[in-house]
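Q: got a sequence here, can you build the structure:
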Amino acid sequence: MNAAHATGEVSGHVESMLKEVGEILERVTDPEIPVLTIADLGILRDVRWNGGGIQVIITPTYSGCPAMQTIEQDVRAALNRNGYTDVEVKTQLAPPWTTDWMSAAGREKLLQYGIVPPAGSSAKQSLRVPVRGLTCPRCRSADTEEISRFGSTPCKALYRCNACLEPFDYFKCI
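A: Residues are numbered from 1 along each chain as shown. As a prediction, the model looks like this:
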């Protein structure tokens, strides 16, 4: 996310304000995976001063993501609680979101939560082929298998560990 954009010259006050807004937004969590923030996911794309207020740019993980309305409301609420009332939240579809935008901290948080983070780069993955050799987030065995292409949300697949027999989600590489 870029910390500041503005038309013309950016004053020190505006830069400071945009930095503060960015810090507030980096704490807004994803409603479907509450251990992740929208910054961890990489859907918080930019924060701008539009001359009279704050403009926040977000990109959905996929075009039909049902969480986007909640995320927009959460962004507005977080900023309103901190005194920012003139807020525009803009959804940007291009370029499309990719799991490559997830932070390293976000990937680690997923694993600690029991969801295996995306393996590798989205450019090198196919959604049609199961990922082999995923490590179970519970017992760390690599003896795992895909049992359903779709998990609790469309961006996850359901796997099972053959060692401890526990199911787990894999956040698909998109």
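Q: can you give me the pLDDT of the spatially most central residue of the chain?
A: Centroid-nearest residue in the chain: L41, 1.8 Å away (criterion: C-alpha atoms, centre = their mean). If you check L41, the pLDDT there is 95.
Q: what's the neighbour count on R27?
A: Residues within reach of R27, counting by other C-beta atoms under 10 Å, total 10. The C-beta positions use only the backbone N, C-alpha and C, and glycine is treated the same way.
Q: can you tell me the SS state at it?
A: Reduced to three states with DSSP: H, G, I helix; E, B strand; the rest coil, the structure at R27 is coil.
Q: from N82, how far out is it?
A: Using C-beta to C-beta, to the nearest Å, we find R27 at a distance of 10 Å from N82.
Q: related to what we said a few turns ago, the residue nearest to the centre of the chain and A105 touch, don't they?
A: No - distance between L41 and A105: 10.9 Å, which falls outside the contact criterion (C-beta atoms under 8 Å).
Q: pLDDT below threshold where in this structure?
A: Applying pLDDT under 70 to the predicted model, the residue ranges of the chain that meet it are 1-10, 123-130.
Q: what do you get if the cut-off is 80, keeping everything else the same?
A: Low-confidence segments of the chain (pLDDT under 80): 1-11, 63, 120-132, 152-154.
Q: helix, strand or coil for F168?
A: When the structure is reduced to helix, strand and coil (three-state DSSP), F168 reads as strand.
Q: what's the closest non-adjacent residue to R138?
A: Distance criterion C-beta to C-beta, 6 or more residues apart in numbering; nearest residue to R138, sequence neighbours excluded, is E166 at 5.2 Å.
Q: now that neighbour: how far from E145?
A: For E166, the distance to E145 equals 12 Å [C-beta to C-beta].
Q: intersection of neighbour lists for those two?
A: Between them, E166 and E145 share the neighbouring residues R160, with contact defined by C-beta atoms under 8 Å, 6 or more residues apart in numbering.
Q: which ones are touching L111?
A: Taking C-beta under 8 Å, 6+ apart as the contact definition, L111 lies against 117, 137.
Q: for G83, see how far away the closest residue to R27 other than its chain neighbours is.
A: With sequence-adjacent residues excluded and distances taken as C-beta to C-beta, 6+ apart, R27 is closest to T37, at 6.2 Å. If you measure T37 against G83 using C-beta to C-beta, the figure is 21 Å.
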